[in-house]
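1. predicted model and sequence follow; I will ask about them next.
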2 protein chains.
Amino acid sequence: METITLAQGGGGVATNALVERVFLTHLREFFVSLGEDAGVFSPHSAMACSTDSFVITPVVFAGGDIGKLSVCGSSNDVAMMGAKPVYINFGFMLEEGLEIALLESIIQSIAKELRLTGLKILSADTKVLPKGSIDKLFINTTCLGEILLPNVSTQALSVGDSIIVSAPIGAHGASIFAARENIKLESSVQSDCAQLYPMLAPLFAKCPRIHTMRDATRGGLSAVLHEWVQDRELCIELDEGALPIDEGVQGICEILGLEPSHLANEGVCVLAVDKSDTQEVCDILRGHSLGSKACVIGEVYAASKQTKSRVVLINEWGGKRFMEYPQGELLPRIC
Amino acid sequence: METITLAQGGGGVATNALVERVFLTHLREFFVSLGEDAGVFSPHSAMACSTDSFVITPVVFAGGDIGKLSVCGSSNDVAMMGAKPVYINFGFMLEEGLEIALLESIIQSIAKELRLTGLKILSADTKVLPKGSIDKLFINTTCLGEILLPNVSTQALSVGDSIIVSAPIGAHGASIFAARENIKLESSVQSDCAQLYPMLAPLFAKCPRIHTMRDATRGGLSAVLHEWVQDRELCIELDEGALPIDEGVQGICEILGLEPSHLANEGVCVLAVDKSDTQEVCDILRGHSLGSKACVIGEVYAASKQTKSRVVLINEWGGKRFMEYPQGELLPRIC
């Protein structure tokens, strides 16, 4: 079994050989330039830029791996600003002893995901760490996108906005929980890990009044909605029965005592849109496979003293309770 | 002693409290925007972008710490493309149990370094990992710069170019080696860790014919020069006696059996310039404290069959030998 060696992190002959054989074999076509300290690009519009580090365990999971996740995570953060993801940068941190075959399969996942949206690589860096000083591999990505829909912002959230969720929630978190707890379910739950831009492109083109967008990663739907109303004179009311939760995810949550709305997602976004555009946004989202179950789950209201900065769940009998803001560490190394 | 907890990585209340208290206390003024998934900027020119992960141990060393290093490293990579560093992104990976006081001092180093060159933060991300799955903390930075001097490139290296080095070599590598080997020397060697842009700005403004620039980090001066001539019909001849090496660095190298030209630098750049501009470039570099010992060390020649892609050292008696390309891992976790 061939593995990563410390010499491959030294910046000399062995590093270049590793880069050539494992990385460039699969990624050469995506680089804007090679052999320089930095990638050069000529922007045509305002840009959005976002960085994220991926430290997930296990590194391969149902529905993806750390490579796919590292592209989707940053690509989605940029898309949430109304932007088309265009460029990406990679920082690889590898543990001495990592299997090269595993690394290669992760690099192949990355290549597949870059091809999907036409992303180009501006720069990349590889570090090798002595065995034990890191667990397998971490990947940092920084994505840059061209803004197509300006002014999408948390600050644009307004009274009367409809809250739309693009897909059933909690699948990424549930699948990682299940993998770690060795829960085997007949209805296999898969991570929702996916790039959202292909679903959102037609939405940006028709340019309806999208006020705010966020992908519901760490902290889940609950963290996103709470951050939106934090320190604002707003509250969000959710129709509890409308929250889309797949049966398998619900099952895992019941076994482990989890809240689906606290679970991480990696291919689900939450949108706040002007009420008059609600139907159009839902129709466009449903036109893409990732958004086929998109639905309205609630609305933004002016807050009372009691409901300021809160998210209120309304059950089918009209009963109200506050949604809980995730407090502790639900699951380390989820993304 | 207050330390980092897993809950601070959960994406909820505790994460926000950590970000607010430790990160934003020192870095708020540098953010282009807060509370969004990505930072937005409007570029005025072609841009250079470079990413780098910093995994150095010890995290605090003579002449700097991992925070300062993480800014200098990416900032310098961008400057090497003839660009002014303008924006930066941070990915922090923290080990559960990390002392908050240590983290805070590292964040303060970052703030100081950002202030020095007016860098703004586009985005940042914080992950917390369970104790043992990472050693203390890693930082990834991605820097973006506005290109002032286009066409600086490895490919522009030409026969007749003078090779200039901006400062004595090997101080960063030697200081980290010394720290790890517990070598105490009277003449304390300090890392050269520094942002190079302030030294280079007047050079870019006068726009002399700089063909190629590179900061000599991992792999040292030797790796840079070898990469420049790799697969080209060129060789570089160096005047061995002209290589600037401080006494303390020389001492450490003699004790440990190291080649100064293989040691990492974090504030030294190598320039290949049109011969007619040699004096002007040296004069401008010497006008800044970082470049006060800048000097010409060699020249680019058309290669013979024997010297193709090689770096040749010429000693004071005219004897020639090939410079060695760093082969193995000299020292893991040097940057």
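-> Nice, thanks for sending it over. Worth saying up front: this structure is predicted, and the values here are computed from it rather than measured.

2. average pLDDT across stretch A:116-133?
-> Mean per-residue pLDDT for stretch A:116-133: 96.

3. buried sites along it?
-> Going by neighbour count (16 or more other CB atoms under 10 Å in any protein chain shown), the buried part of stretch A:116-133 is A:116-117, A:119-130, A:133. C-beta coordinates here come from the backbone N, C-alpha and C atoms, glycine included.

4. distance check, the closest residue to A:I4 other than its chain neighbours against chain B.
-> Closest residue to A:I4 in three dimensions, ignoring its sequence neighbours and counting by CB to CB, 6 or more residues apart in numbering or on different chains: A:L98, at 4.3 Å. According to CB to the nearest CB, to the nearest Å, A:L98 stands 14 Å off from chain B.

5. over to A:A242?
-> 23 Å.

6. what does A:M199 give?
-> 16 Å.

7. mind listing what's buried in the one helix or strand that residue maps to?
-> Here A:M199, judged by DSSP states H and E, is contained in helix A:197-206. For helix A:197-206, burial by neighbour count (16+ other CB under 10 Å) applies to A:Y197, A:M199, A:L200, A:A201, A:L203, A:F204.

8. ok now do the first one, which residues does it touch?
-> A:Y197 makes contact with A:S75, A:N76, A:A79, A:K84, A:P85, A:T117, according to CB atoms under 8 Å, 6 or more residues apart in numbering or on different chains.

9. going by neighbour count, which of those residues comes out on top?
-> Neighbour counts for the contacts of A:Y197 peak at A:A79, which has 33 neighbours (criterion: other CB atoms under 10 Å in any protein chain shown).

10. circling back: export the contacts of A:Y197 to CSV and tack on secondary structure and distance to A:I66?
-> Output for those, formatted as CSV (DSSP: H, G, I helix; E, B strand; the rest coil; distance: CB to CB, whole Å):
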residue, secondary structure, distance to A:I66
A:S75, helix, 15
A:N76, helix, 15
A:A79, helix, 20
A:K84, strand, 24
A:P85, strand, 18
A:T117, helix, 18
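
11. biggest separation within the residues you listed, which pair?
-> Between any two of the contacts of A:Y197, the greatest separation by CB to CB is 12.2 Å, found for A:N76 and A:K84.

12. burial of the residue nearest to A:E316 when sequence neighbours are not counted, as a residue count?
-> Residue nearest to A:E316 in three dimensions, not counting chain neighbours: A:G241, with 5.1 Å by CB to CB, 6+ apart. A:G241: 10 surrounding residues under other CB under 10 Å.

13. again with A:N182
-> Quick note: A:N182 (other CB under 10 Å) scores 6 neighbours.

14. how about the helices in the stretch 51-200 of chain A?
-> Counting by DSSP state H, counting those that start in this stretch, the stretch 51-200 of chain A has helices at residues A:66-79, A:100-117, A:171-180, A:197-206.

15. which stretches of the stretch 51-200 of chain A have low pLDDT?
-> A:185-187 (pLDDT under 70).

16. what residues does it have near chain B?
-> Within the stretch 51-200 of chain A, the positions adjacent to chain B are A:51-53, A:55, A:57, A:76-78, A:80-81, A:83, A:87, A:89-93, A:96, A:122-125, A:127-130, A:133-135, A:138, A:140, A:142-145, A:147, A:153-155 by CB under 8 Å from any CB of the partner chain.

17. give me the buried subset of those residues.
-> Looks like these have A:51-53, A:55, A:57, A:76-78, A:80-81, A:83, A:87, A:89-93, A:96, A:122-125, A:127-130, A:133-135, A:138, A:140, A:142-145, A:147, A:153-154 buried, using 16+ other CB under 10 Å.

18. is it true that A:G251 lies in a helix?
-> Yes - assessed with DSSP: H, G, I helix; E, B strand; the rest coil, A:G251 lies in a helix.

19. touching, A:L200 and A:N76? I think so.
-> No - the criterion here is CB atoms under 8 Å, and A:L200 misses it with A:N76 at 9.4 Å.

20. now do the shared contacts for the two.
-> Common neighbours of A:L200 and A:N76 (criterion: CB under 8 Å, 6+ apart): A:C269.

21. return the residues in contact with the closest residue to A:C207 other than its chain neighbours.
-> Excluding the flanking residues, the one nearest A:C207 by CB to CB, 6+ apart is A:L149, at 6.2 Å. By CB under 8 Å, 6+ apart, the contact set of A:L149 is A:G82, A:A83, A:F204, A:C207, A:I210.

22. next structured bit after the helix or strand hosting A:A272?
-> Element membership of A:A272, judged by DSSP H and E, is strand A:269-273. Moving toward the C-terminus from strand A:269-273, the next helix or strand (DSSP H and E) is helix A:278-286.

23. quick check: buried residues in that following helix?
-> For helix A:278-286, burial by neighbour count (16+ other CB under 10 Å) applies to A:T278, A:V281, A:C282, A:I284, A:L285, A:R286.

24. chain center to it: distance?
-> Mean C-alpha position of helix A:278-286 versus that of the full chain (CA atoms, centre = their mean, to the nearest Å) differs by 21 Å.

25. which helices and strands does it pack with?
-> strand A:162-165, helix A:197-206, strand A:295-302 (3 or more CB pairs under 8 Å, 6 or more residues apart in numbering or on different chains; DSSP states H and E).

26. kindly recompute the last result at 10 Å.
-> Using 3 or more CB pairs under 10 Å, 6 or more residues apart in numbering or on different chains; DSSP states H and E as the contact test, the elements touching helix A:278-286 are strand A:162-165, helix A:197-206, strand A:269-273, strand A:295-302.

27. all strands for chain A, in order.
-> Using DSSP state E, the strands found in chain A span residues A:39-41, A:47-54, A:60-61, A:64-65, A:83-95, A:120-129, A:137-147, A:162-165, A:210-215, A:234-239, A:269-273, A:295-302, A:311-314, A:320-322.

28. in JSON lines, list the ones you listed along with distance to A:E29.
-> JSON lines is the format used below for the strands of chain A (distance: least, CB to CB, whole Å):
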{"stretch": "strand A:39-41", "distance to A:E29": "14"}
{"stretch": "strand A:47-54", "distance to A:E29": "23"}
{"stretch": "strand A:60-61", "distance to A:E29": "24"}
{"stretch": "strand A:64-65", "distance to A:E29": "20"}
{"stretch": "strand A:83-95", "distance to A:E29": "14"}
{"stretch": "strand A:120-129", "distance to A:E29": "9"}
{"stretch": "strand A:137-147", "distance to A:E29": "18"}
{"stretch": "strand A:162-165", "distance to A:E29": "35"}
{"stretch": "strand A:210-215", "distance to A:E29": "27"}
{"stretch": "strand A:234-239", "distance to A:E29": "44"}
{"stretch": "strand A:269-273", "distance to A:E29": "29"}
{"stretch": "strand A:295-302", "distance to A:E29": "39"}
{"stretch": "strand A:311-314", "distance to A:E29": "45"}
{"stretch": "strand A:320-322", "distance to A:E29": "50"}
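
29. those: which one's closest to B:S261?
-> strand A:120-129 (21.6 Å).

30. tell me which other helices or strands the closest one touches.
-> Helices and strands touching strand A:120-129, by 3+ CB pairs under 10 Å, 6+ apart, are helix A:13-18, strand A:39-41, strand A:83-95, helix A:100-117, strand A:137-147, strand B:47-54, helix B:66-79, strand B:137-147.
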